[in-house]
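Peer 1: turn this into a structure:
(one chain, ligands or ions: 1)
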Amino acid sequence: MKIILLGPPAAGKGTQSAYLSKYYDIPAISTGSIIRNNISEGTELGTKAKVYIDEGKLVPDELVMDLVAKRIAQPDCKNGYILDGFPRTVAQAEAMEKLGINVDKIVELVLPDEEIVDRISGRRNCSECGAIYHTKDHPSKAGDRCDKCGGKLVQRADDTEETIKKRLEVYHEKTQPLGNYYAAKGNLVQIDSSGLLEDTSAAVRKAFGVE
Ligand code: AMP
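Peer 2: Residues are numbered from 1 along each chain as shown. Coordinates of the predicted model:
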C-alpha cells in the first residue's frame, strides 16, 4: 500500500499518517521531519536545507527527490509507505512518476487558512518520539511532557507567526495545485479536516475502508 497525504501545514497529515502507518504496518515518511533531523545532525543536506526551512520556503526539488529516492529504497518500505509532505510541487509529482513510483491512494486534507494559523501556533511536538499535540485542542495530560514517552514538548522553529505567513503563501502557490493535478487523474479523495480530530480520523478510516 503506497499512500500520499496532501494538505496544508497542520491539517493533520502527521497524525493521520501515524495512524495509517500502524494500521498497515508500513513506515510514515515525512520529508519535513527527515530534513529537520538532518539539520539537527548538521549533515550537508541539513546545512543546505536550513536556509529554506527557516524562511518558510520549500527546499529545492533535487535535494528532496534525492532524499525520498534513498528513503523508499530502504528494506522497511518493501510493502509500501505513506508519504507525508511529499510531493509538494507538481514538478516533484512528475519526477516521482518518472522514477516509476506509483501510489494506490491519494488523500488531501482540506483546511481554511484561519484554522491553519490557529493550529500551527498551538502545535507542540515531542522532541523524543515526534508525537503531535495542540495547546488547546489536544493538550498533553502531562503538561510540557509527552503522554506517550515523557519527552519534552517543543514548538517547531518554523511554527512562528512570521514563517507561517510565508508557508501559507508557498502552500497556495506551489502545493495546492497538486490537488487539481491528482483530481484530473481521478484518484484523489478530499477530506475536510476542519472539524474535530475524531471526525477527520473517521473520514480517513472510511476512505481506506477501515471499519
Ligand atoms: P513539514 O514538516 O512537512 O511541514 O515541512 C517543513 C518544511 O520542510 C517545509 O516548510 C519545507 O521547507 C521543507 N519540506 C518538507 N517537505 C518538502 C518537500 N517535499 N519539498 C520541499 N520542501 C519540503
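Peer 1: with adjacent residues omitted, what lies nearest to the residue of the chain found nearest the ligand?
Peer 2: Proximity of the chain to the ligand (Cβ to the nearest ligand atom) peaks at residue 32, 2.0 Å away. From N, CA and C alone the C-beta is placed, and that goes for glycine too. Distances taken as Cβ to Cβ, 6 or more residues apart in numbering place residue 85 nearest to residue 32, at 4.7 Å, with adjacent residues excluded.
Peer 1: roughly how far apart are the residue of the chain closest to the ligand and residue 115?
Peer 2: Separation of residue 32 from residue 115 (Cβ to Cβ, to the nearest Å) stands at 19 Å.
Peer 1: how about residue 65: what's its closest non-neighbour residue?
Peer 2: In space, residue 65 is closest to residue 95, 5.3 Å off (Cβ to Cβ, 6+ apart).
Peer 1: who's in contact with the residue nearest to residue 32?
Peer 2: Counting by Cβ atoms under 8 Å, 6 or more residues apart in numbering, residue 85 makes contact with 5, 13, 30, 31, 32.
Peer 1: these in strands, which ones?
Peer 2: Counting by DSSP state E, those place 5, 30 in strands.
Peer 1: of the contacts of residue 85, closest to residue 57?
Peer 2: residue 32 (12.7 Å; Cβ to Cβ).
Peer 1: pLDDT score assigned to the closest one?
Peer 2: Note for residue 32: predicted pLDDT of 95.
Peer 1: next, count neighbours for it.
Peer 2: Look at residue 32: counted by other Cβ atoms under 10 Å, it has 19 neighbours.
Peer 1: the ligand contacts on this protein?
Peer 2: Contacts of the chain with the ligand, taken as Cβ under 6 Å from any ligand atom, map to 9, 30-33, 35, 52-53, 56-59, 64, 85-86, 88, 92, 158, 167.
Peer 1: wait, residue 178 sits on residue 90?
Peer 2: Yes. Using Cβ atoms under 8 Å, residue 178 makes contact with residue 90 at a distance of 6.2 Å.
Peer 1: more crowded one of those two?
Peer 2: residue 178 (21 against 15).
Peer 1: and that one, what's its pLDDT?
Peer 2: Per-residue pLDDT puts residue 178 at 96.
Peer 1: if you count neighbours, what's buried in the strand or helix carrying it?
Peer 2: Assigned by DSSP states H and E, residue 178 belongs to helix 177-185. By neighbour count on 16 or more other Cβ atoms under 10 Å, the buried set for helix 177-185 is 178, 179, 181, 182.
Peer 1: what's the nearest residue to the third one if we skip its chain neighbours?
Peer 2: When you say that, I think you mean residue 181. residue 90 (5.3 Å).
Peer 1: for the one you found, what are its contacts?
Peer 2: Shown in contact with residue 90 (Cβ under 8 Å, 6+ apart): 177, 178, 181.
Peer 1: and the last one, how far from residue 87?
Peer 2: Counting by Cβ to Cβ, the gap from residue 181 to residue 87 is 9 Å.
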